[in-house]
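Novice: based on what follows, work out the 3D shape:
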Amino acid sequence: MAQATRLSTVAQRRIQSELNEWMRSPPEGCCLESCEPMTSWVVIMQGPEGAGGVRLYSDEVFRVRIDFGEQYPLDPPDVIFLAPAPIHPHIYSNGHICLDILYSGRNGGWSPALTMSKVVLSLRSMLASNTDKRKPPGDAEYCARVGNRSPKLSNWVFEDDKV
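Specialist: Residues are numbered from 1 along each chain as shown. Purely as a prediction, here's the structure:
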C-alpha cells in the first residue's frame, strides 16, 4: 500500500473533483475498490471484449493502483496493474505499463487535461485492441532490474502503437 503523500491544494482539489465525477459516472467496466488515503486509488477493471468479438481478456478482472503525487495534475500519477498483471506486450509482470499517456517528459504523452477515468478507459482500450497474449520482450530482465520502484523512473521508448 502506498504511503499518504502531502498534496498541494491544487492536487487535493483536482483529486476530489475527479473522485466526485467518478462516483457520479464511473468509467465503463470499472469500479473503485478503495480511495483511502485519497492519494492512492485501487480500481477494479473488467477485462474488455476485443474487436470482432475477440475474447482475450473478457473473462478476467484486473486491479489497477493509481498513486497521486504532490504535483498532480502537472505530474502524472504512478499507474500500475496489481498482481496478477494482464499478459500483454506492453504490460510487464511487475505491473508496469508501457503507455505514453502515463508519463511526462520528452517521450511521454501525459497532459493535465487527462483524468483517471480517461486513463482507465485507455487501459481497457489497450487490452481490447490486443490480439496476442504475450509478455513484453525482456520481461523477466526488466522486472529483476527495476523491482517495485516507480515506473516513471524507467526510460520508456514508445514506438509500437499497434496494441
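
Novice: are we agreed that residue 117 is in a helix?
Specialist: Yes - when DSSP: H, G, I helix; E, B strand; the rest coil is applied, residue 117 is found to be in a helix.

Novice: that one: how many residues sit nearby?
Specialist: 17 (other C-beta atoms under 10 Å). Glycine gets a C-beta too; all of them are placed from N, C-alpha and C.

Novice: now do the same contact list for the residue nearest to it when sequence neighbours are not counted.
Specialist: Among residues not flanking residue 117 along the chain, residue 27 sits closest, at 4.6 Å (C-beta to C-beta, 6 or more residues apart in numbering). Residue 27 makes contact with 117, 120-121, 124, according to C-beta atoms under 8 Å, 6 or more residues apart in numbering.

Novice: for the protein, which spans come out with low pLDDT?
Specialist: Where the chain drops to pLDDT under 70, the residues are 1-5, 160-163.

Novice: show me the strands in it, by range?
Specialist: Here the chain has its strands, by DSSP state E, at 30-34, 40-46, 61-67, 78-81.

Novice: in JSON lines: these, plus mean neighbour count.
Specialist: Putting those into JSON lines (neighbours: other C-beta atoms under 10 Å) gives the following:
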{"stretch": "strand 30-34", "mean neighbour count": "15"}
{"stretch": "strand 40-46", "mean neighbour count": "20"}
{"stretch": "strand 61-67", "mean neighbour count": "19"}
{"stretch": "strand 78-81", "mean neighbour count": "22"}
